[in-house]
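Chemist: Structure of the sequence below:
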Amino acid sequence: MYKMMTPGPTMVAPSVMKARSLAFGNPDVDTDFCEQYHSLCGEIGNLLGTKNEVYILCGEGILALEAACASLTEPGDRVLVIDNGIFGKGFADFVSLYGGTPVCYTVDYHRPVDVEQLAAFLERDHDFKYATVVHCDTPSGVRNDIAAICPLLKQYGILTVVDSVAAMFGEEVKVDDWKIDIICGGSQKALSAPPGLAFVSVSQDAFAVMEHRKAPIASFYCNLLAFKDYYRNKWFPYTMSISDIYGLAEAVRLVKEDTGRVERHHKIAAAVREAVTAAGLSLYLDYGDASTVTVINVPEGLTDTAIIDTMKEKYNVLISGCFDVLAGKVIRLGHMGNNANAEDVTEMLKALSKTLKDLGFQCLCDMAVEFQRALREQ
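Modeler: Prediction:
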């Protein structure tokens with residue numbers, strides 16, 4: 001099996017895989033499972049700095065994003081879509097799908113949202129039911145300052161929906177302090193569990209908007225209100241993926257024990273960027289990189305597929321290309337969750353250096369050696 005150094009999914013700990021193989025009961029009628037689920041939701045909430053309700057949804061991280069939009073959007077609602085990346089722009093599709101009117105605040109994809117410029121925009125136009133913002137836009141690796149953006153939006157009474165799928169557990173998150181109404185996460189990123197589960201925290205303000213809708217929520221599976229009373233009624237709206245949730249519980253336990261994880265992500269990311277730029281490669285972003293992924297422009301004369309295929313087939317390490325407006329233009333190095341460690345990142349950079357040499361690009365240094373030096377000197 002190749003080493004998976006993509007920006008999600010990530011390598012999964014053996015104990016997580018073992019937990020997924022445990023014998024299970026019937027999650028529809030077993031109240032013990034309901035207690036386990038409720039406890040796990042609380043643990044996730046504690047890690048995210050919130051007392052809001054947390055729900056684990058049976059679907060990949062995108063389910064959380066769509067569920068947030070489905071549950072809040074009514075026909076005709078104006079929704080601010082903060083767009084400085086492919087996933088940021090993608091929220092507009094969900095808003096439109098449920099009858100809302102997306103208003104895109106589009107800025108340069110090479111850098112984070114400028115909070116002062118956003119504030120100036122909001123002074124002119126703030127008639128929005130809610131706003132969407134991406135914490136780490138995985139295709140470009142840009143990290144937006146949700147600690148400043150979400151309180152700014154709330155000053156105008158605008159609900160906040162944050163996609164933190166590729167950031168949380170690798171970046172700091174304080175849901176209550178930062179006034180986030182709905183935050184979305186996924187199992188397969190820095191939490192380092194297999195893909196297949198999403199989770200959301202939902203504020204009382206968000207629930208109030210859902211409960212006072214004029215039109216019913218136009219979805220069953222994406223209806224967050226369907227979960228609101230699950231614990232009191234000991235009833236789930238659909239059969240929960242119990243084995244996946246057992247694995248998620250073990251992944252959460254490991255994250256709780258890893259108290260230095262955010263600092264380690266920051267150090268690993270900074271050292272990776274020092275190494276790749278010292279080698280003569282260029283980063284896609286001008287500044288504002290997240291700590292979970294590094295995005296590199298494909299060197300002139302090479303292709304993303306040649307780099308990715310050679311690394312996988314010859315050196316047994318898998319990295320990612322990209323899609324949409326970045327298709328063929330960049331490669332992406334994942335260093336999130338279980339992959340955010342010196343040994344695995346060193347192996348990835350060794351493989352990348354050898355691959356580039358094989359393809360005719362001469363690096364100015366050994367990226368693995370430069371990475372180790374940068375890490376030591378931090």
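
Chemist: Start from the N-terminal end of the stretch 101-250 of the chain and give the strands.
Modeler: Ranges of strands within the stretch 101-250 of the chain are 101-106, 130-134, 136-137, 142-143, 159-163, 182-186, 198-202, based on DSSP state E, counting those that start in this stretch.

Chemist: now these in CSV, with mean neighbour count, mean pLDDT and distance to Pro7?
Modeler: Bear in mind the C-beta positions are built from the backbone N, C-alpha and C, glycine included. Listed next are the strands of the stretch 101-250 of the chain as CSV, based on neighbours: other C-beta atoms under 10 Å; pLDDT from 0 to 100; distance: least, C-beta to C-beta, whole Å:
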stretch, mean neighbour count, mean pLDDT, distance to Pro7
strand 101-106, 16, 98, 23
strand 130-134, 29, 98, 13
strand 136-137, 28, 98, 9
strand 142-143, 26, 98, 12
strand 159-163, 29, 98, 14
strand 182-186, 28, 98, 12
strand 198-202, 25, 98, 17
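
Chemist: Hmm, His135 is touching Ala147, no?
Modeler: No. Using C-beta atoms under 8 Å, His135 is not in contact with Ala147, being 9.9 Å away.

Chemist: who has more neighbours, those two?
Modeler: Per other C-beta atoms under 10 Å, whichever of His135 and Ala147 has more neighbours is His135, with 27 against 16.

Chemist: Look up how far Ile242 lies from that one.
Modeler: 29 Å (C-beta to C-beta, to the nearest Å).

Chemist: And Leu356, by the same measure?
Modeler: 45 Å.

Chemist: got it, and Leu159?
Modeler: To Ile242, Leu159 is 32 Å away according to C-beta to C-beta.

Chemist: okay, now Ala269: neighbour count?
Modeler: Ala269 has 25 neighbours, counted by other C-beta under 10 Å.

Chemist: That one: helix or strand, and which one exactly?
Modeler: Take DSSP states H and E as the rule and Ala269 turns out to sit in helix 261-278.

Chemist: Tell me how far the closest residue to Tyr156 other than its chain neighbours lies from Gln155.
Modeler: Closest residue to Tyr156 apart from its sequence neighbours, by C-beta to C-beta, 6 or more residues apart in numbering: His126 at 4.0 Å. In this view, His126 and Gln155 are 9 Å apart by C-beta to C-beta.

Chemist: Looking at the two, which one has more neighbours?
Modeler: A count of neighbours by other C-beta under 10 Å puts His126 above the other of His126 and Gln155, at 16 against 11.

Chemist: from memory the more buried one sits against Ile158, does it?
Modeler: Yes. Counting by C-beta under 8 Å, His126 touches Ile158, with 6.6 Å between them.

Chemist: wait, isn't Ala327 in contact with Gly321?
Modeler: Yes. With contact defined as C-beta under 8 Å, Ala327 and Gly321 form a contacting pair (7.3 Å).

Chemist: more crowded one of those two?
Modeler: Legend: neighbour count by other C-beta under 10 Å for Ala327 and Gly321, higher for Gly321 (19 against 12).
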